[in-house]
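Asker: sequence and predicted structure are below.
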Amino acid sequence: MNADDLPSLRAELEAHDLWAKKSFGQHFLLDLNITRRIARAAGDIAGKPVIEIGPGPGGLTRALLEAGADPLIAIEKDPRFLPLLEPLVEWSGGRLRIVSGDALEADEAALFGRGRCAAIVSNLPYNVGTPLLVKWLKAGAWRGEMTLMFQKEVALRIVAKPGDDAYGRLAVLAQARCTAKVAFSVPARAFTPAPNVESAVVRLTDRADPYADLDALERVTAAAFGQRRKMLRSALKVLTPDAETLLRAAKIEPTARAEEIDQAGFRALADAWRAMR
Ligand code: SAM
């Protein structure tokens, strides 16, 4: 199977009189060299279930099918693209299923059949990239490895470490469940239309010791980074009037600031907060 035999993506957009809509966060990748690189970054997906969010004109969809995804479930919110994508279902030999709808509301486990595990690969719509990631971080055993394109600034916030400018809630939450690495950057000019900023593909693989209570971690990181320049004994007062006792229980200096606290420290803080409630 070779996607080079298909009509070009640009010709398909023209034939269906389709253009990018800002409200759907549409920036298309029309160069198969780049979509194949994203598919390769996802590892060996041959014969494995994959979810793609926002197939749009189908450039990444073609690459994922070439790489052997089976089944490939592609969830697209913009119904204008459905007629363009339909021929790919036949080309895929039935491996591709297009789902029309909003990925934020999708019940992915039900789409695959419960008990199965699916990789997620997507050139994400930037306006919902972060809420989708948080949804998947909280997901059950159905969710496998994730290979996701974000605005570079968001990618750096996901992989940041204590002391980095980009270190904050998103890094702590993402790294509570996953090991996160930037796979490669993609310049703005690679997209049609070009966004204002550079993008990057992030690989997220499950860690052996995931932290279970992401809701508690969300609450303590919201408080801690809500006033990130303040000492934690002040910043955490929105959680409890007795922030010093909470910090002592977590073995964290009350004068420390959120940006200095590592994954283990935030886990201890979330545990201590839960125990105090
Ligand atoms: N995968 C295509 C590519 O790489 O050329 C398109 C990527 S474009 C950045 C994002 C895609 O996600 C668009 O097709 C857009 O319509 C779709 N989309 C936007 N919001 C969505 C949502 N909430 N659920 C599902 N798809 C969405």
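Answerer: Sure thing, it's come through.
Asker: contact residues of the protein facing the ligand?
Answerer: Within the chain, the residues that sit near the ligand (CB under 6 Å from any ligand atom) are 24-29, 53-57, 59-60, 75-78, 102-104, 123, 125, 128. C-beta coordinates here come from the backbone N, C-alpha and C atoms, glycine included.
Asker: contacting residues around the closest residue to the ligand within the stretch 1-150 of the chain?
Answerer: Across the stretch 1-150 of the chain, the shortest distance to the ligand (CB to the nearest ligand atom) belongs to residue 54, at 1.9 Å. Counting by CB atoms under 8 Å, 6 or more residues apart in numbering, residue 54 touches 24, 25, 75, 76, 77, 103, 122, 123, 124, 125.
Asker: how close does it get to residue 230?
Answerer: Residue 54 sits 38 Å away from residue 230 when distances are taken as CB to CB, to the nearest Å.
Asker: how about residue 33?
Answerer: Spatial separation of residue 33 from residue 230 under the definition CB to CB is 47 Å.
Asker: quick one: which of these two has more around it?
Answerer: Applying other CB atoms under 10 Å to residue 33 and residue 230 shows that residue 230 carries more neighbours, namely 14 against 9.
Asker: do you know the pLDDT at the closest residue to that one other than its chain neighbours?
Answerer: Once its chain neighbours are removed from consideration, residue 230 has its nearest residue in residue 257; the separation is 7.0 Å (CB to CB, 6 or more residues apart in numbering). According to the prediction, residue 257 has pLDDT 96.
Asker: count of residues packed around residue 257?
Answerer: Residue neighbour count, defined by other CB under 10 Å, stands at 18 for residue 257.
Asker: could you shift the numbering so residue one becomes 2, and keep it that way?
Answerer: Renumbered: residue one is now 2, and that last one reads residue 258.
Asker: so it touches residue 233, yeah?
Answerer: Yes. Shown here, residue 258 and residue 233 form a contact pair, counting by CB atoms under 8 Å, at 6.6 Å.
Asker: could you say what helices and strands the helix or strand bottoming out on mean pLDDT in the chain packs with?
Answerer: Least confident helix or strand of the chain, by mean pLDDT, DSSP states H and E, is helix 109-113 with a mean of 89. Counting by 3 or more CB pairs under 8 Å, 6 or more residues apart in numbering; DSSP states H and E, the packing neighbours recorded for helix 109-113 are strand 51-54, strand 73-77.
Asker: can you tell me which of the ones you listed is most buried?
Answerer: Most buried of the helices and strands packed on helix 109-113 by mean neighbour count (mean count of other CB atoms under 10 Å) is strand 51-54; its value is a mean of 27.
Asker: with adjacent residues omitted, what lies nearest to residue 140?
Answerer: With CB to CB, 6+ apart as the criterion, residue 140 has its nearest non-adjacent residue at 7.1 Å, and that residue is residue 109.
Asker: neighbours of the nearest residue to residue 120 once chain neighbours are set aside, how many?
Answerer: Nearest residue to residue 120 in three dimensions, chain neighbours excluded: residue 145, at 4.5 Å (CB to CB, 6+ apart). Summarising burial for residue 145: neighbours were counted as other CB under 10 Å, giving 22.
Asker: surely residue 145 forms part of a strand?
Answerer: Yes. According to DSSP: H, G, I helix; E, B strand; the rest coil, the state of residue 145 is that of a strand.
Asker: give me the pLDDT for it.
Answerer: According to the per-residue confidence, residue 145 scores 96 in pLDDT.
Asker: who's in contact with it?
Answerer: The contact partners of residue 145, by CB under 8 Å, 6+ apart, come to 49, 118, 119, 120, 121, 207.
Asker: 6 Å - rerun?
Answerer: Residue 145 sits next to 118, 119, 120 when contact means CB atoms under 6 Å, 6 or more residues apart in numbering.
Asker: contacting residues around residue 225?
Answerer: Shown in contact with residue 225 (CB under 6 Å, 6+ apart): 236, 259.
Asker: can we see that at 8 Å?
Answerer: Remark: with contacts taken as CB under 8 Å, 6+ apart, residue 225 is in contact with 233, 236, 237, 259, 262, 267, 270.
Asker: would you map the strands across the stretch 2-151 of the chain?
Answerer: Taking DSSP state E, counting those that start in this stretch as the criterion, the stretch 2-151 of the chain carries its strands at 29-30, 51-54, 73-77, 97-101, 119-124, 144-152.
Asker: JSON lines for those, including distance to residue 135?
Answerer: As requested, these are arranged in JSON lines below (distance: least, CB to CB, whole Å):
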{"stretch": "strand 29-30", "distance to residue 135": "24"}
{"stretch": "strand 51-54", "distance to residue 135": "14"}
{"stretch": "strand 73-77", "distance to residue 135": "17"}
{"stretch": "strand 97-101", "distance to residue 135": "21"}
{"stretch": "strand 119-124", "distance to residue 135": "13"}
{"stretch": "strand 144-152", "distance to residue 135": "12"}
